[in-house]
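> here is my input, please return the structure:
(chains A and B)
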Amino acid sequence: MKATRTIKNAATYTGLILLAVFLMAPFVWMLFVSLHESKSPIPSMNVWTQRGTFGFLGREYAWVLPEVVPNVWHWDNYRFVLFMPDIPVFRFFLNSVFVTLVVVTGQLLVSSLAAYAFARLEFKGRDPIFVLFLLSMMFAGPVTQIPVYLIVRSFGWLNTYAALIVPGLSSAFNVFLFRQFFASIPKELEEAARIDGAGDLRIYWRVMLPLSKAALATAGAFSFFAVWTDFFWPLLATNSMEMRTLEVGLSVFRNSYGATNWPLQMTAAVIVMAPLLIAFLFTQRYFTRGVMIGSIK
Amino acid sequence: MRRRHGVGYWFIAPATLHLVLFALVPIVYALYLSLFKWDILKDDKPFVAFANYLTTFQDKFFWNAMWNSTRYTLVSVPVGMAVALLVALLVHQKIRGVTLFRTLYYIPAISSGVAVAMLWTYVYLPEQGLINATLKLFGHPGDLNFLNESAWAMWALVFMSVWTGLGPRMVLFLAGLVAIPNSLYEAADLDGSTRWRTFWKITLPMLVPTTFFVLVTSTISAFQIFTPVYMMTKGEPDRTTDVVGYHIYSEAWEKFHVGLASAKSFVLLVAILGVAYFQYRAMRDQLREYDAS
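Residues are numbered from 1 along each chain as shown, chains lettered A, B, ... in the order given. Modelled structure (predicted):
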């Protein structure tokens, strides 16, 4: 019995590790290629031998490494890409940080404010309006892209931060998510505050939001990654170098600079990926939870 | 206690204003635009009634794009879902370190779409790309030009979508698996059911709502893919990867035919809603059975 379980576990781990290798290999490859000398040819699967001496032992060593592991590690690629003269990659980065922070904060506030009313307050037309929010989720995408562009253009916002920020300031999905969450909070908690004379705004801010940290973190994490990696809208809404976000900037970089320069292309890709990976490390538990909240309908 | 009812309107005002401005008005506006022949660079904008829809239905490149999206969806969604279910079963086991693997498997999904497209362009390169270089180790010439051959390009995009889409689908199936009561499995054990039979008779039927949700959301997003095509193939070779999301993009933003592009986007919307409804009809009996149980 115990032996079969050991074999079963070994098989499971083999499967898990093989899958992890399959999913991670391109990323590892990317990191190594980004450290090769600029303009150097693409590394093959061949191997090279590294020789040297251990300083403190005085003994010689030699081992073989695949060619993808660079001979000399060119960390200067990163400084070069971040501060290159003709393409302001660092500016793209600052744009992304600013736009993402404002959009995520705004979206959480605006969506949760509306969700509080849909979950707790009574007013005429409440349910039909909520249904409109739900329906709008189905119509997003290809149909609205042209009109939203024309509306933003008519406001004179093209190529400004307003164009990058305002269309993202609310999300029907988050309104839905917060409403579900607020509805699960027992009413007794706010009744006590109401007897103490608190108004709705105070209850929303002092009672509901502090109790909704999990929902805020989940929705915030999802928005963060959605806004940071959004490609289509910033591509349409901006046209000058200074207004590009990192995601669009990366494609500009590839098209105009690194089309065949694979090490620098991969350096730029790592620069875009690194903040995402770091953010994911801190928020990953909300991801597994958040997808679940979204599925309960 | 007296409560002012009007206060609700103040709470929903910002979100509703946003909804009207960036969702409701655009839908009506798009419908209006689809009735005009309008080149966005020019001022004149003649009313043409339904001529744009007629052009759409007669445009063989539009149907080529619809067909490309259909075959992309027909393969990438079922394969992606099957792989995700398999992986969910694998990481559902209570063994040490399994949460680490769940986290790792999610990473492709949170990655930048542009960076991933650049990365996979590299993976697919002939001779030096990751796949061809590996094939060479096994004696294959390694000269497969995945992104530039009509026979390969679409399947290269499909393969990549299984890789990027794994994480969220896996988590959804995992949530479904966690929700299945243990008592069902214990009862099956007592009846001497084999594991294979338990999977088909208990696990799968209990996953019906999850499967339905994953199917519909995956289909809708598969019909709209854009970034990989824009970055990796531009619809080439021979328009074999010209999916409808990219086709409408180039109609609107490369040819500037805004009216025609709006008409095409409505045809796409109706098609997507139709497919979602068809999927609901197809799974309705199973969903009812689940609700009854």
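> now stretch A:245-261: buried residues?
A:245-254, A:257-258, A:261 (16 or more other Cβ atoms under 10 Å in any protein chain shown). Bear in mind the C-beta positions are built from the backbone N, C-alpha and C, glycine included.
> same question, stretch B:176-185
Buried-residue list, stretch B:176-185, by 16+ other Cβ under 10 Å: B:176-177, B:184.
> filter those down to the ones close to chain A.
B:Gly176 (Cβ under 8 Å from any Cβ of the partner chain).
> now render the buried residues of stretch B:176-185 as a markdown table, adding pLDDT.
Below are these laid out as a markdown table (pLDDT from 0 to 100):
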| residue | pLDDT |
| --- | --- |
| B:Gly176 | 82 |
| B:Leu177 | 84 |
| B:Leu184 | 80 |
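> so which of the buried residues of stretch B:176-185 are in strands?
Per DSSP state E, strands hold no members of the buried residues of stretch B:176-185.
> of the buried residues of stretch B:176-185, which is the nearest to B:Gly192?
B:Leu184 (14.9 Å; Cβ to Cβ).
> please name the nearest non-neighbouring residue to that closest one.
Leaving aside its chain neighbours, B:Leu184 sits nearest to B:Ile202 (5.3 Å; criterion: Cβ to Cβ, 6 or more residues apart in numbering or on different chains).
> what stretches of the stretch 151-293 of chain B score poorly on pLDDT?
B:293 (pLDDT under 70).
> what does it put close to chain A?
B:163, B:166, B:168, B:171-172, B:174-176, B:210, B:213, B:220, B:224, B:226-227, B:230-231, B:244-245, B:248, B:252-253, B:258, B:261-262, B:265-266, B:268-269, B:273.
> show me which of those are buried.
The buried subset of these - by 16+ other Cβ under 10 Å - is B:163, B:166, B:168, B:171-172, B:174-176, B:210, B:213, B:220, B:224, B:226-227, B:230-231, B:244-245, B:248, B:252-253, B:258, B:261-262, B:265-266, B:268-269.
> what's the nearest residue to A:Trp157 once chain neighbours are set aside in contact with, if anything?
Leaving aside its chain neighbours, A:Trp157 sits nearest to A:Ala163 (4.2 Å; criterion: Cβ to Cβ, 6+ apart). A:Ala163 sits next to A:152, A:157, A:237-238 when contact means Cβ atoms under 8 Å, 6 or more residues apart in numbering or on different chains.
> counting contacts, what elements does whichever strand or helix holds A:Phe22 pack onto?
Taking DSSP states H and E as the criterion, A:Phe22 maps to helix A:2-33. Applying 3 or more Cβ pairs under 8 Å, 6 or more residues apart in numbering or on different chains; DSSP states H and E, one finds that helix A:2-33 contacts helix A:262-295, helix B:60-91, helix B:98-110, helix B:113-123, helix B:130-137, helix B:153-179.
> which of these is buried the deepest?
helix B:113-123 (a mean of 24; mean count of other Cβ atoms under 10 Å in any protein chain shown).
> what mean pLDDT does that one get?
Averaged across helix B:113-123, pLDDT comes to 87.
> helices or strands next to it in the packing?
Using 3+ Cβ pairs under 8 Å, 6+ apart: helix B:113-123 touches helix A:2-33, helix A:246-256, helix A:262-295, helix B:130-137, helix B:153-179, helix B:227-232.
> among these, which is nearest A:Val110?
helix A:262-295 (18.6 Å).
> now A:Thr218: how far from chain B?
12 Å (Cβ to the nearest Cβ, to the nearest Å).
> which SSE is that residue in?
Using DSSP H and E, A:Thr218 falls in helix A:213-228.
> in the helix or strand hosting B:Ala15, which residues are buried?
According to DSSP H and E, B:Ala15 maps onto helix B:7-19. Under the neighbour-count criterion of 16+ other Cβ under 10 Å, helix B:7-19 has B:8-9, B:11-12, B:14-16, B:18-19 buried.
> now stretch A:112-129
A:112-121, A:123, A:126, A:129.
> quick one: that stretch to chain centroid distance?
30 Å (Cα atoms, centre = their mean, to the nearest Å).
> swap in stretch B:35-49?
Once both centres are worked out by Cα atoms, centre = their mean, stretch B:35-49 turns out to sit 32 Å from its chain's centre.
> and stretch B:33-44, by the same measure?
Taking mean C-alpha positions (Cα atoms, centre = their mean), stretch B:33-44 and its chain are 31 Å apart.
> as a whole number, average confidence for that stretch?
Mean pLDDT, computed over stretch B:33-44, is 80.
> start and end of it, how far apart?
For stretch B:33-44, the first-to-last residue distance is 13 Å (Cα to Cα, to the nearest Å).
> and that stretch, does that touch chain A?
Yes: Stretch B:33-44 reaches chain A (Cβ under 8 Å from any Cβ) through B:Leu33.
> what are the contacting residues of that stretch?
Contacts of stretch B:33-44 (Cβ under 8 Å, 6+ apart): A:146-147, A:150, B:45-53, B:252, B:256-260, B:262-263, B:266.
> buried ones from these, can you make that a ChimeraX selection?
In ChimeraX, this line selects whichever of the contacts of stretch B:33-44 come out buried by 16+ other Cβ under 10 Å:
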select /A:146,147 /B:48,51,52,53,252,257,258,259,260,262,263,266
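> mark which of the contacts of stretch B:33-44 are part of helices, please.
A:146-147, A:150, B:51-53, B:252, B:258-260, B:262-263, B:266 (DSSP state H).
> which of the buried residues of stretch A:112-129 come close to chain B?
With Cβ under 8 Å from any Cβ as the criterion, the buried residues of stretch A:112-129 include A:113-114, A:116-118, A:121, A:123, A:126, A:129 near chain B.
> could I get these as a markdown table with pLDDT?
Shown next, in a markdown table, are these (pLDDT from 0 to 100):
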| residue | pLDDT |
| --- | --- |
| A:Leu113 | 92 |
| A:Ala114 | 92 |
| A:Tyr116 | 90 |
| A:Ala117 | 89 |
| A:Phe118 | 89 |
| A:Leu121 | 84 |
| A:Phe123 | 85 |
| A:Arg126 | 86 |
| A:Ile129 | 89 |
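> including distance to B:Ile107, could those residues go into JSON lines?
JSON lines is the format used below for these (distance: Cβ to Cβ, whole Å):
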{"residue": "A:Leu113", "distance to B:Ile107": "33"}
{"residue": "A:Ala114", "distance to B:Ile107": "33"}
{"residue": "A:Tyr116", "distance to B:Ile107": "34"}
{"residue": "A:Ala117", "distance to B:Ile107": "37"}
{"residue": "A:Phe118", "distance to B:Ile107": "35"}
{"residue": "A:Leu121", "distance to B:Ile107": "41"}
{"residue": "A:Phe123", "distance to B:Ile107": "44"}
{"residue": "A:Arg126", "distance to B:Ile107": "41"}
{"residue": "A:Ile129", "distance to B:Ile107": "38"}
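> and A:Ser112, that's in a helix?
Yes: counting by DSSP: H, G, I helix; E, B strand; the rest coil, A:Ser112 falls inside a helix.
> so it sits against A:Phe178, correct?
Yes: under the criterion of Cβ atoms under 8 Å, A:Ser112 makes contact with A:Phe178 at 4.6 Å.
> re earlier: how about the buried residues of helix B:7-19, which pair is most distant?
Across the buried residues of helix B:7-19, no pair lies farther apart than B:Gly8 and B:His18, at 16.7 Å, counting by Cβ to Cβ.
> which residues are common contacts for A:Ser112 and A:Phe178?
A:Ser212.
> now the helix holding A:Thr218 against helix A:262-295, angle please.
Interaxial angle of helix A:213-228 relative to helix A:262-295 (axes from the mean of the first three to the mean of the last three Cα atoms, to 10 degrees): 140 degrees.
> for the helices and strands packed on helix B:113-123, which one sits closest to B:Leu100?
helix A:2-33 (8.8 Å).
> show me where pLDDT drops low in chain A?
If you take pLDDT under 70 as the line, chain A has these spans: A:1-2, A:44-58, A:64, A:139-140, A:257-259, A:288-297.
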